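In: model the structure of this input:
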Amino acid sequence: MEDISLHILDIVENSITAKAKNIKIRMVKKKDYLIVGIEDDGIGMSEETIKRCLDPFFTTKGKRVGLGVPLLYQACKETGGDLKIESKEGKGTKIRARFKLSHIDCKPLGNMGETLKVLKVANPDINFIYDKSNH
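Out: Residues are numbered from 1 along each chain as shown. Model (predicted):
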């Protein structure tokens with residue numbers, strides 16, 4: 001993926017597939033890091049699914065390969081960042097991706113305005129919350 005906003009789009013589409021009605025996207029810049037949090041109230045994941053979701057050959061979507069989370073993980077690791085996933089079945093999922101901004105391999109943010117517009121137009125019944133903070 002060319003930029004971080006496309007990774008966000010892909011992860012939010014996972015939330016939509018997981019029947020989320022409320023999705024919060026939070027972006028915080030702390031020193032030399034961009035921290036992206038995506039939180040939903042979807043069906044959540046089991047402990048086994050959380051452990052396996054970084055595997056590019058694992059998917060819960062039938063025949064489609066689930067590359068969104070593994071690609072996001074790779075993008076974080078390439079910059080010296082990390083990825084954390086918390087989820088409970090029936091309660092939703094929280095993903096926190098951390099990118100080191102000064103690293104040569106850090107992708108540009110991209111167009112978050114367009115990403116949010118696409119999500120809202122395609123999913124008018126979902127409550128999207130976007131929080132951008134700089135610390």
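
In: just the strands in this protein please.
Out: Assigned by DSSP state E, the strands in the chain fall at 22-30, 33-40, 82-88, 92-100, 127-134.

In: ok, which of the ones you listed comes nearest residue 55?
Out: Comparison of the strands of the chain against residue 55 by CB to CB identifies strand 82-88 as nearest, at 12.8 Å. Backbone N, C-alpha and C define where each C-beta goes, glycine included.

In: quick one on the thing from earlier: weakest of the strands of the chain in terms of mean pLDDT?
Out: Lowest mean pLDDT within the strands of the chain: strand 127-134, a mean of 90.

In: mind giving me the packing neighbours of that strand?
Out: With contacts defined as 3 or more CB pairs under 8 Å, 6 or more residues apart in numbering; DSSP states H and E, the packing partners of strand 127-134 are strand 22-30, helix 112-122.

In: picking that back up, distance to residue 76 and mean neighbour count added to the strands of the chain, as CSV?
Out: Output for those, formatted as CSV (distance: least, CB to CB, whole Å; neighbours: other CB atoms under 10 Å):
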stretch, distance to residue 76, mean neighbour count
strand 22-30, 14, 17
strand 33-40, 9, 20
strand 82-88, 5, 16
strand 92-100, 5, 21
strand 127-134, 19, 11
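
In: turn the ones you listed into JSON lines, including distance to residue 120.
Out: Listed next are the strands of the chain as JSON lines, based on distance: least, CB to CB, whole Å:
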{"stretch": "strand 22-30", "distance to residue 120": "10"}
{"stretch": "strand 33-40", "distance to residue 120": "15"}
{"stretch": "strand 82-88", "distance to residue 120": "24"}
{"stretch": "strand 92-100", "distance to residue 120": "20"}
{"stretch": "strand 127-134", "distance to residue 120": "6"}
